[in-house]
Each structure stands twice: as structure tokens, then as C-alpha cells.
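In: Turn this into a structure:
(chains A and B)
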Amino acid sequence: NFMLTQPHSVSESPGKTVTISCTGSSANIATNYVQWYQQRPGSAPTTVIYEDNQRPSGVPGRFSGSIDSSSNSASLTISGLKTEDEADYYCQSYDNFQGVVFGGGTKLTVL
Amino acid sequence: QVQLRESGPGLVKPSETLSLTCTVSGGSISTYYWSWIRQPPGRGLEWIGYVYYPGSTKSNPSLKSRVTISLDTSKSQFSLKVTSLTAADTAVYYCARALAPSREIDYWGQGTLVTVS
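Out: Take a look at the predicted model:
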């Protein structure tokens, strides 16, 4: 089964840069787009990156996404961290058999 | 502005069937892929399945035997049924929209908590 694996949690200080990884278990992660969602407690997820590296309007340029085929992984990088970035982040892609697949989520703490 | 709103019971008994409806406003339900996604308390997101016009579906293989998703274009609604409920089905259930299965989920409902007890 195709799975996306994320670190359970990451933490970093305000103003610093953090990178959250999302590693595909088998199929080439570059085969289908990867999206990244931010979820704050009690709210539905919102998109911070779509189609691997595109930012929706309204999402700050501090958020960026990339794909590394050599490690079969996607990454979400947040620079100039702000306390408001503290949230859960999920990667998401697609597999022809599994359907829509989410990573397990990463809790970002900004302290 | 597209809006999605889930409706259904907040409490269901074990072994019974859950029925949820998502009402879509501000856009056509005859295009896009319409998904159900759930999130158990304190846990991650799990895709349940999607439906697209005129009624084709795809479901998570881990849930496929218990899940039915349908589309009612006349009411601009799509629905979810999950049978043989257990406590493990307790979750916030979201309805959501994507342009294609591999693309961004760009609109989400607010979510509705379903407790199996």
C-alpha cells in the first residue's frame, strides 16, 4: 500500500526556518502532485501548498514546497517562523489503487 | 463563494449505519470530485472516498466494503453511508471538493463530529 510518512512533530524558534518531510513508501512520489495543508485546532484544513510547489493566494511567501525524486520525498519549508504558524501540517497525494492518501501529520511547535 | 455543509446525526449506536449529507452551494456539483474525509479525535486525516458526476465512485480500500457514496444533483448534495459502525468510526467527518483526485482539495465543510456509542 502506498503511504506517506511524516515526522510526528517538529519544533523551532520564531524567525528560524523549519522543513517538514513527507516520504512516499513505494510509488514514485513525483508521479502525482503533492499538496500540503495546515490545520489549526477545531478547524478544517486549509491549503498552504498545492501541485508540489504552488502557493494559493493569501499564503505568505515564507511557505514553499519541493519534491526530491532521489529520496522519494516532498518537503514543506517555512521560513521566518511566526507563532501563528504553530499548527498541524499534512501532506497529501494520490495513488491509483489507494486513492487520495494523506500523511500522518506533523505537529509544528514554534517556541 | 463555494460552501459545503455536512448534516447528520451526532450520535449513532454500534453496529448501526451512519448517514451523512453534504450540501453544496455557490457552485455546480456536476463538476469536480466530491470527497468524504474523517479525522478521529486527536488523530490524522483519513480519506473515505469520492463521487463524481454522474455518480462514479472510488473508496479507500480499507473501508470499501462498508462505504457507499452517492450524488444527488437535483438537490446539490452528496451523501455518505457507513455500515457496521464501531467505536473506531468515531471522528469528525468532513465533506470536501477537488478539481481532480490528484489535485488540491480546495473547499472543505466545517466538519461534523460523529460519536459511535
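In: for chain A, what are the nearby residues on chain B?
Out: B:35, B:37, B:44-47, B:49-50, B:58-61, B:94, B:98, B:101-106, B:108-111 (C-beta under 8 Å from any C-beta of the partner chain). No exception for glycine: its C-beta is placed from N, CA and C like everyone else's.
In: So how do I select the buried members of those in ChimeraX?
Out: Here is the ChimeraX command that selects the buried residues among those (16 or more other C-beta atoms under 10 Å in any protein chain shown):
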select /B:35,37,45,46,47,49,50,58,59,60,94,98,101,102,103,104,105,106,108,109,111
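In: and B:Arg43, how many neighbours does it have?
Out: 12 (other C-beta atoms under 10 Å in any protein chain shown).
In: Which strand or helix spans it?
Out: B:Arg43 belongs to no helix or strand when assigned by DSSP states H and E.
In: measure it to B:Thr31 for me?
Out: With distances taken as C-beta to C-beta, to the nearest Å, B:Arg43 is found 32 Å from B:Thr31.
In: do the same with B:Ser74
Out: 16 Å.
In: Who has more neighbours out of the two?
Out: Neighbours were counted for B:Ser74 and for B:Thr31 using other C-beta under 10 Å; B:Thr31 has more, 11 against 7.
In: nearest spatial neighbour of the more buried one, skipping sequence neighbours?
Out: With C-beta to C-beta, 6 or more residues apart in numbering or on different chains as the criterion, B:Thr31 has its nearest non-adjacent residue at 6.8 Å, and that residue is B:Tyr53.
In: Report the beta-bridge partners for the residue nearest to B:Tyr52 when sequence neighbours are not counted.
Out: Once flanking residues are discounted, B:Tyr52 sits nearest to B:Tyr33: 4.8 Å by C-beta to C-beta, 6+ apart. When assigned by DSSP bridges, B:Tyr33 has beta-bridge partners B:Tyr52, B:Ala98.
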